[in-house]
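# I need the structure of the sequence given here:
(2 chains)
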Amino acid sequence: AQSVAQPEDQVNVAEGNPLTVKCTYSVSGNPYLFWYVQYPNRGLRFLLKYITGDNLVKGSYGFEAEFNKSQTSFHLKKPSALVSDSALYFCAVIFSGGYNKLIFGAGTRLAVHP
Amino acid sequence: DGGITQSPKYLFRKEGQNVTLSCEQNLNHDAMYWYRQDPGQGLRLIYYSQIVNDFQKGDIAEGYSVSREKKESFPLTVTSAQKNPTAFYLCATAPGTNYGYTFGSGTRLTVV
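Have a look, this model is predicted:
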């Protein structure tokens, strides 16, 4: 079965420190992976995606993600966290069932403390 | 959220009522989706449509209905058969296969 796991409900980090939000996946075939961010009472905003190519993907707002095929992971990273990065982050994978269905992880709440 | 308009932002429903959530897009995307978001459960797919006049059930379609009469519009009706409708509802669109989604700003539905 195709799935996405975000093992941490919440990640706490001090402002200025690097952050990592973890994601692992299970799909058949080549994965198409995405990260989205959600602020309270808002829709999801696209951060970055991995389709093919370089394992390090750079996205919006200084975020990047590293695709690791052997570990089936797609962790979201940022070198220096901002308080304004505090939000809910979702990892997602496209379901390769002939239609464009995204399967989402449960989400990880990132709290950046001043 | 640009390009997708969800209305209303907040909606209150009485027991036994049907309510319709609107989703309109000007992105010219073929595919449209409805998700439900509950705390701690991530997003769950209700219905999706890949083309006008065609739609399929997602993982939690019971108690919901949709229509896709125009490319721009994909309204969701929450019927009285949906026993626990209080949630945040998100509409999304995509231009085709293997593309990510663009999301609307959501509608928060509360049963009173």
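# end to end, how far does stretch A:3-18 reach?
Taking Cα to Cα, to the nearest Å, stretch A:3-18 runs 27 Å from one end to the other.
# mind listing what's buried in that stretch?
Residues of stretch A:3-18 classed as buried: A:4, A:6, A:8, A:11, A:13 (neighbour count, 16 or more other Cβ atoms under 10 Å in any protein chain shown). C-betas here are computed from N, CA, C, even on glycine.
# what about residue 27, neighbour count?
In the absence of a named chain, chain A is used. 18 (other Cβ atoms under 10 Å in any protein chain shown).
# should've been chain B
15.
# my guess is it contacts residue B:93, does it?
Yes. If you go by Cβ atoms under 8 Å, residue B:27 and residue B:93 touch, sitting 5.7 Å apart.
# need the overlap of contacts for the two.
The contact sets of residue B:27 and residue B:93 overlap at B:3, B:4, B:102 (Cβ atoms under 8 Å, 6 or more residues apart in numbering or on different chains).
# give me the subset of these lying in strands.
Judged by DSSP state E, the shared contacts of residue B:27 and residue B:93 include B:4, B:102 as members of strands.
# for the shared contacts of residue B:27 and residue B:93, which entry has the maximal number of neighbours?
residue B:4 (23 neighbours).
# which non-adjacent residue is nearest that one?
Leaving aside its chain neighbours, residue B:4 sits nearest to residue B:104 (3.9 Å; criterion: Cβ to Cβ, 6 or more residues apart in numbering or on different chains).
# okay, now that neighbour: neighbour count?
27.
# how close does it get to residue B:3?
Counting by Cβ to Cβ, to the nearest Å, the gap from residue B:104 to residue B:3 is 9 Å.
# any residues in contact with both of those two?
residue B:25.
# so who does the closest residue to chain B within chain A touch?
Nearest residue of chain A to chain B, counting by Cβ to the nearest Cβ: residue A:43, 3.6 Å away. Shown in contact with residue A:43 (Cβ under 8 Å, 6+ apart): B:1, B:4, B:6, B:90, B:92, B:103, B:104, B:105, B:106.
# need the pLDDT of it.
Here, the pLDDT recorded for residue A:43 equals 90.
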